[in-house]
Every structure is written in structure tokens, then in C-alpha cells.
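Q: need a 3D model of the following:
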Amino acid sequence: MTITEIIKQAKSQMRTINRKRRDERFIRVIGKLLHLKLLDAPGMLPYRGTIFLDEVLWVGEIEPRVLALLPAILLKRPKAITVVGDLPEDLKKIISDIRHQNAATPFRGILAPEYLKWISFVGRKEKRPTLLKTFRFDHDDLARLQRLRKFGNSEIDVIRKAMFALEKNAGPIDKPNAPR
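A: Model prediction:
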């Protein structure tokens with residue numbers, strides 16, 4: 001293949017891609033993902049209407065980011081995409097693997113790490129964590145607790161271990177209402 005043939009073929013493919021980007025399905029799907037604040041696409045307008053799974057899969061052939069988002073959306077925000085009929089077998093397998101925490105197979109050319117990184121992002125509001133009502137920790141304390149989670153399974157385990165260590169170092173403490 002000569003360089004002029006390669007350039008001619010690239011221009012042809014670019015015209016095809018540009019024609020598909022003007023398609024109503026592409027505009028709706030990308031607009032919906034903009035509305036959900038999952039993608040950034042300059043020049044596109046948010047779309048609040050319904051999108052269908054077959055449209056999303058069609059757009060995914062043009063825009064791979066959509067395919068990377070699809071398993072996370074179906075798991076965390078299933079009402080965002082209308083599914084008519086059954087899911088395709090490859091998508092069923094990916095969702096099942098994610099639920100069982102052993103996703104390793106690629107999904108239509110998208111590697112597992114690429115679609116797994118969206119699982120924690122989709123379905124989360126953009127706000128700081130709420131304060132615990134019992135203790136009224138400030139955000140620095142919550143961040144410290146998060147860092148110390150390696151010493152326990154949950155924040156409450158970390159707090160229990162810290163209280164135990166403090167009590168052990170301080171010596172016996174009389175309980176105010178303990179029977180004598």
C-alpha cells in the first residue's frame with residue numbers, strides 16, 4: 001500500500017465516522033451520558049430522554065468510552081438505559097463477573113481495568129462524606145479514619161482498637177456505674 005492509498009483510506013474512514021457522529025442515536029446517547037455527568041463531549045447538548053441498549057452498543061462501536069461505561073451504568077444506574085429483551089451474552093457475562101469480583105475478560109475490545117475503574121464512579125454523588133451523627137467527626141478525622149482502615153475491617157473496628165489500646169496504656173479505669 002502506498003502513502004496516497006493510506007491517506008485516501010483514512011479520509012474515507014474519517015468521513016464515515018463524522019457521518020455516524022451526526023446520527024440521532026449518537027447525539028442522544030452522548031447527550032444522555034452528558035446529562036448524567038459521566039462523559040464530557042464539547043459541542044454536544046445534554047439529553048434527558050430515554051436511550052436504549054441497542055443504541056448504546058451502536059454508539060460504542062464509534063466511541064469506545066461508551067463501552068467502558070456500559071457495565072458500570074447497568075450495575076449502578078440501571079434505569080438510565082432502557083433494555084428491551086435480554087442482555088447480550090457477552091454483557092451478561094461481564095456483569096456477572098463484576099458482581100462475583102472476578103472480572104478479567106475484555107468486553108468488546110475494552111480491557112477489564114478500563115471498565116472496572118468506572119464501577120466506583122458511577123452512581124456516586126459529588127459531595128463530601130456525611131459526618132457520623134454519633135461522634136460528629138470533622139473531615140480531617142474522617143480522612144484519618146480512612147487511612148487507618150488498614151488496621152481493621154471498618155471504621156468502627158479502628159475506633160474499637162484505638163479505645164482498647166488507649167485503655168490498655170492508661171491502666172484500669174473505674175466504670176462509673178459498675179457494681180462494687
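Q: what packs against the longest helix seen in the chain?
A: The longest helix of the chain (DSSP state H) is helix 3-21. Contact here means 3 or more CB pairs under 8 Å, 6 or more residues apart in numbering; DSSP states H and E; on that basis helix 3-21 packs against helix 53-62. Bear in mind the C-beta positions are built from the backbone N, C-alpha and C, glycine included.
Q: hmm, 6 Å instead?
A: The contact analysis (3 or more CB pairs under 6 Å, 6 or more residues apart in numbering; DSSP states H and E) places helix 3-21 against no helix or strand.
Q: name the next helix or strand downstream of that helix, please.
A: Downstream of helix 3-21, the first helix or strand assigned by DSSP states H and E is helix 24-35.
Q: who's in contact with that next one?
A: Applying CB atoms under 6 Å, 6 or more residues apart in numbering, the contact partners of helix 24-35 are 39, 41, 44, 45, 46, 47, 48, 51, 55, 56, 58, 59.
Q: just among those, which is most surrounded?
A: Highest neighbour count within those: residue 59, with 26 neighbours (other CB atoms under 10 Å).
Q: residue 66 is in contact with that residue, correct?
A: Yes: between residue 59 and residue 66 a contact is recorded at 5.1 Å, counting by CB atoms under 6 Å.
Q: spit out the residues that contact those two alike.
A: Common neighbours of residue 59 and residue 66 (CB under 6 Å, 6+ apart) do not exist.
Q: show me the domain layout of this protein.
A: 3-116, 139-170 (automatic domain parsing).
Q: among the ones you listed, which is the most enclosed?
A: Across those, averaging neighbours per residue (mean count of other CB atoms under 10 Å) puts domain 3-116 on top, at a mean of 15.
Q: on that earlier part again, could you tell me the least trusted of the domains of the chain?
A: Among those, domain 139-170 carries the lowest mean pLDDT, a mean of 79.
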